[in-house]
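Undergrad: take this sequence and fold it.
(one chain, ligands or ions: 1)
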Amino acid sequence: MCGIVGYIGKQQACPILLKGLHRLEYRGYDSAGVSMINNSGELNVFKAKGKVADLEAFLADKDISGTIGIAHTRWATHGVPCQVNAHPHFSSSGILSLIHNGIIENYASLKNKLIEKGYTFASETDTEVLVQLIEYYKLKYNSDLLSAVRRALTQVIGAYAIAVIDRENPDEIIAARKSSPLAVGLGDDEYFLASDATPLVEYTHKVVYLEDGEIAVINRHNGVHFMTIQGEEVDHEVSEINLDLGAIEKGGYSHFMLKEIFEQPDCLYNCMSGRINVDGTDVRFSSITDFGDKIVNARRFIIVACGTSWHAGLIGKSLIENFCRIPVEVAYASEFRYSNPVISEGDVVIAISQSGETADTLAAIELARKNGAFVYGIVNSVGSSIARCTHAGSYIHVGPEIGVASTKAFTGQVTVLTMLALCIAKERKTITNEELEKALKELLQIPDKIREVLEQNDNIASLSRTFTYAHNFIYLGRGYNYPVALEGALKLKEISYIHAEGYPAAEMKHGPIALIDAEMPVVVVATNKALYEKILSNIQEIKARQGRVIAVVVKGDDTISKVVDYVIELPETAEFLYPLLASIPLQLLAYHIAICKGKDVDQPRNLAKSVTVE
Ligand code: G6P
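TA: Now for the predicted structure:
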């Protein structure tokens, strides 16, 4: 949510900042801006409504010179997306400019105090309050920028990653973080700042991730120093960025989302390698070796997550309950954090997050830890906040996901949950060796089976044209496939803006059936052997009301195929693995319908990839 970039060094800052903004545009893209101090000591701020490309066009005839600068791409919280509300924000006298990701919760009271002192405000944002407050302290105490920032931050309640520059000191950027991510890249006599490592990787592999309540003083001559807001020096280990540039580029695909859908066979292979042995006879997790007593003997699991990760959590519940016979609850992190959860000894909280930065999930983890739970993270983004604040965990290893609608992270999360459930079941002896081997061998075949499903891309693209003008969609599934239906509906909503709902198939008759008519497409995931007849009856009920059915079936199924309007076939696999196959055509369906409607699939309206605010 909002992307931050900063640069100080010998090169011209603006091209580096703009490239960085492009890399971070998945975080928010309703307006963007840059601020540089030029060689004459002038502090320039340029902002534009719209995408980074709109900002670039706006900059064509501007003085964008300077070797120090900060830049921002916004996802609006306070105030509509427009040029005035875009960041960077100037302080009243024009000496400071500041960018911010997060929410200043007490901005209204701080603003009133500043208004009483004669300050006026151009924007509706909480961020402008912060830059004015810093200026107020700088002028009041005639202090340097660092002291003013520290004074201001002690007054602030909320979440922030900020960077601020001062016309009176063109050699320094001050940055700080609380609950919103911030990374400092260390080059040779040049330094970078960004919300994540993707803008840094072209220039350096050395990075320091700021912790909550820390400030970075980045000085052109003296290098970087870290301290707490209270002023205590902090020593940081430098981490290595393990990221390949190719992984954050489109690589010939028209969209990141399509690339990420097609990457899934390789991603899931990477996710399994090192965990399942090559002949598929055993599965191991280092975290279970290290923390087995907590995890294997858990009395109950509580899964907390948001969005697509929450859907993966629902599949995780079925997997863990079926294989390990341990009860599992799945909670929206945003609800859990404000609940009064009953957490007892032996409870393990599993937090699932692609970005590792979701504010609600972080808060849920904090609450769980406070209540004494052991917290296990399933995260994609290496070194992210959630990865760092859990007791143990597993990365899903699917590489950076840039398309805002999650695809490969979802199947990666489900793959980790599957392996985890099998590993715990093995330790608890709730699965026999033969059953384990059979399950692992089936799992190892999933990447190739996904490849087979992807071959239907063209068919799904032509099927999508039929549904371009649909206003509503229903998705149905049962058992393991019920969360697949929810996720399929979410994908369609997110990128095509078509209203879509997912239901457990049998619930249809308790309400949604009233919506069915010739205008209503219904996607039915019908791969369940156990409940086959029942799903067939649901399909008959839809057809009896003229609904148009797209069925996802197992290859060779000619019973359902005869009844429905359109069929998408999946290779046969074990019942618990169908979510990994069935999600693929639903991702493609959403993608192609959105393309037919001319929507921006990688950056859908109003959404952001990393939701670092409540
Ligand atoms: C946002 C994204 C979703 C994602 C959700 C949870 O809404 O647009 O794709 O599923 O956040 O994010 P996380 O990074 O915690 O998985």
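Undergrad: identify the residues contacting whichever residue of the stretch 51-200 of the chain sits closest to the ligand.
TA: Closest to the ligand within the stretch 51-200 of the chain is residue 75: 10.5 Å, counting by CB to the nearest ligand atom. (C-beta placed from N, C-alpha, C; glycine too.) Going by CB atoms under 8 Å, 6 or more residues apart in numbering, residue 75 touches 1, 2, 27, 28, 29, 30, 608.
Undergrad: state the distance from residue 216 to residue 340.
TA: Note on residue 216: its distance to residue 340, by CB to CB, to the nearest Å, is 37 Å.
Undergrad: which residue of those two possesses the greater neighbour count?
TA: More crowded of residue 216 and residue 340, by other CB atoms under 10 Å: residue 216, with 24 against 7.
Undergrad: correct me, but residue 485 touches residue 527?
TA: No: using CB atoms under 8 Å, residue 485 makes no contact with residue 527, being 11.7 Å away.
Undergrad: and the helix or strand hosting residue 450, which residues are buried?
TA: Element membership of residue 450, judged by DSSP states H and E, is helix 446-454. By 16 or more other CB atoms under 10 Å, the buried positions in helix 446-454 come out as 446, 447, 449, 450, 453, 454.
Undergrad: alpha carbons only: can I get that helix in CSV?
TA: In CSV, the C-alpha atoms belonging to helix 446-454 read as follows (Å, rounded to 0.1, in the frame of the first residue of the first chain):
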residue,chain,number,x,y,z
ILE,A,446,1.0,-31.7,-9.8
PRO,A,447,3.4,-29.4,-11.7
ASP,A,448,3.1,-31.5,-14.9
LYS,A,449,-0.7,-31.8,-14.5
ILE,A,450,-0.9,-28.0,-14.2
ARG,A,451,1.1,-27.8,-17.4
GLU,A,452,-1.6,-29.9,-19.0
VAL,A,453,-4.3,-27.6,-17.7
LEU,A,454,-2.5,-24.6,-19.0
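Undergrad: what sits against residue 143?
TA: 137, 151.
Undergrad: typo on my end, residue 18
TA: Applying CB under 8 Å, 6+ apart, the residues contacting residue 18 are 34, 52, 55, 56, 59, 71.
Undergrad: so which of the residues you listed sit within helices?
TA: Of these, the ones assigned to helices by DSSP state H are 52, 55, 56.
Undergrad: let me have these in JSON lines, adding pLDDT as columns.
TA: Output for these, formatted as JSON lines (pLDDT from 0 to 100):
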{"residue": "52", "pLDDT": "95"}
{"residue": "55", "pLDDT": "97"}
{"residue": "56", "pLDDT": "97"}
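Undergrad: adding distance to residue 400 and neighbour count, write these out as CSV.
TA: Converted to CSV, the ones in helices among the contacts of residue 18 look like this (distance: CB to CB, whole Å; neighbours: other CB atoms under 10 Å):
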residue, distance to residue 400, neighbour count
52, 18, 25
55, 23, 25
56, 23, 18
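Undergrad: up against the ligand, what does the stretch 351-500 of the chain have?
TA: Taking CB under 6 Å from any ligand atom as the measure of proximity, the stretch 351-500 of the chain contacts the ligand at 353, 354, 355, 358, 361, 404, 406.
Undergrad: one step back: need the next SSE after the helix holding residue 450, C-terminal direction.
TA: helix 457-466.
Undergrad: can you tell me the residue of the protein closest to the ligand?
TA: For the chain, CB to the nearest ligand atom, closest residue to the ligand: residue 307, 2.8 Å.
Undergrad: quick one: that residue and residue 490 touch, right?
TA: Yes: the pair residue 307 and residue 490 passes the contact test of CB under 8 Å, sitting 7.2 Å apart.
Undergrad: no more questions from me, cheers.
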